[in-house]
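*Asks:* Would you be able to build a 3D model of this:
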Amino acid sequence: MMRPRHRGRAMRLLLGSILMLIALGLIAFWRAKTSTSPQATSFPSSTSQAARQSSTANAAVPFSLSTELLLGDLKFVLIPEGSFIMGSPTDEPGREENERQSFGVVYDAFYLLTTEVTQAQFTANMGVNPSPYQNGSLPVTNVNWDEAEEFCHRLNATYSMYVFRLPTEMEWEFACRAGATAPFAVPPPEEERLRTALAKARAGDEDFLTRFVKQFARFGESNAQPAAERLPNAWGLHDMLGNVWEWCDGSPDSAESDLRPIRGGAYSSTTVWGCRSAVRGAEFRETRKPSIGFRILAQPRQ
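*Replies:* The predicted model follows:
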């Protein structure tokens, strides 16, 4: 018969073994979880913030993503994964019915071209320049949705490490806003001035707001202007607002159709409200206009 003292020692050994097994199990679970889930990335506050926070676009990618990507004359910046409110509130001036707010999640980081695809970049890849105003530094225009897709396909054949495509509307607006919630995406140092300009506009002085936003957006002009002449947003993207509309991937509604979304407004937008972050448009995929161009994204190939 086991004595009480020995019985107590055996119980302590048994409990110790059980606790050790539980601890080992938790460690194994934690290692498995961190090796298969993408790391969360908070919104950077500006492009100069050291944390433009490299993150992996997919756990299968065996290397960390740098904050910038340069492929020939194509310059991209890293857009982190994250969530945001897509669309515009009901009291936003210039709001359209198709801007209803929804919760958006970008699950994987990606690289986005810092400018709209220029005529020089398009010609180098496609061998033609369909734009009505010929200048290599201008955004390429008069391209339909399928031609923008073909541009991506040719890059996919050239660069084996990346996949190129048009951004979805959600990806586009997330990158455009760069963490901002105001009607116009401006870097954090300018947010107070934007609030003042918006207050003046609501009080009847829209000219002040127009002059302020024109530092970042091209609108109220007769034709497109050279890329990157306006200040970038907080993540280093130029001309997200104005200059030319940009083709996006997908359909602007849930129905299958030949309509394709365009975002950002254009030089032909007559008022400042036509170049808000939430502005949406749509055209048939075969449409070619001097006010429509595109920009592309890149992700590491799995």
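*Asks:* Can you show me the strands along the stretch 1-150 of the chain?
*Replies:* Under the criterion DSSP state E, counting those that start in this stretch, the stretch 1-150 of the chain contains strands at 68-71, 74-79, 82-86, 102-106, 110-113.
*Asks:* between those, which gets nearest to Arg285?
*Replies:* If you check each of the strands of the stretch 1-150 of the chain against Arg285 by Cβ to Cβ, strand 110-113 wins as the nearest, at 20.6 Å. Yep, even glycine has a C-beta here, placed from its N, CA and C like the rest.
*Asks:* who touches the closest one?
*Replies:* 57, 65, 69, 74-79, 162, 167, 171, 175, 237, 295-299 (Cβ atoms under 8 Å, 6 or more residues apart in numbering).
*Asks:* Which of these are buried? Put it as a PyMOL command.
*Replies:* Buried residues within the contacts of strand 110-113, by 16 or more other Cβ atoms under 10 Å, are selected in PyMOL with:
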select buried, resi 57+65+69+74+76+77+78+79+162+167+171+175+237+295+296+297+298+299
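*Asks:* What's the local residue count around the residue lying closest to Ala124 once chain neighbours are set aside?
*Replies:* Spatially, and ignoring its direct neighbours in sequence, Ala124 is nearest to Asp73 (7.5 Å; Cβ to Cβ, 6 or more residues apart in numbering). For Asp73, the count of nearby residues is 9 (other Cβ atoms under 10 Å).
*Asks:* and Asp73, what does it touch?
*Replies:* Asp73 makes contacts with Ala120, Gln121, Ala124, as judged by Cβ under 8 Å, 6+ apart.
*Asks:* SS state for His153?
*Replies:* What DSSP: H, G, I helix; E, B strand; the rest coil gives for His153 is helix.
*Asks:* what's the burial count for it?
*Replies:* Close neighbours of His153, defined as other Cβ under 10 Å, add up to 11.
*Asks:* ditto for Ser277
*Replies:* If you count neighbours by other Cβ under 10 Å, Ser277 ends up with 27.
*Asks:* quick one: it and Leu65, what's the gap?
*Replies:* Applying Cβ to Cβ, to the nearest Å, the value for Ser277 to Leu65 is 24 Å.
*Asks:* can you pull out the helices in the stretch 151-300 of the chain?
*Replies:* 169-177, 191-202, 206-213 (DSSP state H, counting those that start in this stretch).
*Asks:* Would you mind saying which of those helices lies nearest Ser251?
*Replies:* Nearest to Ser251, of all those, is helix 169-177, at 9.5 Å by Cβ to Cβ.
*Asks:* what's the most buried one of the strands of the stretch 1-150 of the chain?
*Replies:* Counting by mean count of other Cβ atoms under 10 Å, strand 110-113 has the highest mean neighbour count of these, with a mean of 24.
*Asks:* What's the mean pLDDT across that one?
*Replies:* If you average the pLDDT over strand 110-113, you get 98.
*Asks:* and what of stretch 295-302?
*Replies:* The pLDDT scores in stretch 295-302 average 95.
*Asks:* related to what we said a few turns ago, just put the strands of the stretch 1-150 of the chain in CSV and tack on distance to Gly242.
*Replies:* Shown next, in CSV, are the strands of the stretch 1-150 of the chain (distance: least, Cβ to Cβ, whole Å):
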stretch, distance to Gly242
strand 68-71, 24
strand 74-79, 19
strand 82-86, 20
strand 102-106, 22
strand 110-113, 16
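*Asks:* between those, which one is nearest to Arg95?
*Replies:* Nearest of the strands of the stretch 1-150 of the chain (Cβ to Cβ): strand 82-86, 13.3 Å.
*Asks:* Can you name every helix or strand that the closest one contacts?
*Replies:* In terms of contacts (3 or more Cβ pairs under 8 Å, 6 or more residues apart in numbering; DSSP states H and E), strand 82-86 is packed against strand 102-106, helix 169-177.
*Asks:* what would these look like in CSV with mean pLDDT and distance to Ala185?
*Replies:* Output for the helices and strands packed on strand 82-86, formatted as CSV (pLDDT from 0 to 100; distance: least, Cβ to Cβ, whole Å):
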stretch, mean pLDDT, distance to Ala185
strand 102-106, 97, 15
helix 169-177, 98, 5
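*Asks:* mind giving me the domain ranges of this protein?
*Replies:* Domain assignment for the chain by automatic domain parsing gives 1-36, 68-300.
*Asks:* Surely Leu237 and Ala175 touch.
*Replies:* Yes - in this structure, Leu237 is within contact of Ala175 by Cβ atoms under 8 Å, at 6.2 Å.
*Asks:* Run through the bridge partners of Glu283.
*Replies:* Beta-bridge pairing of Glu283 under DSSP bridges involves Arg260.
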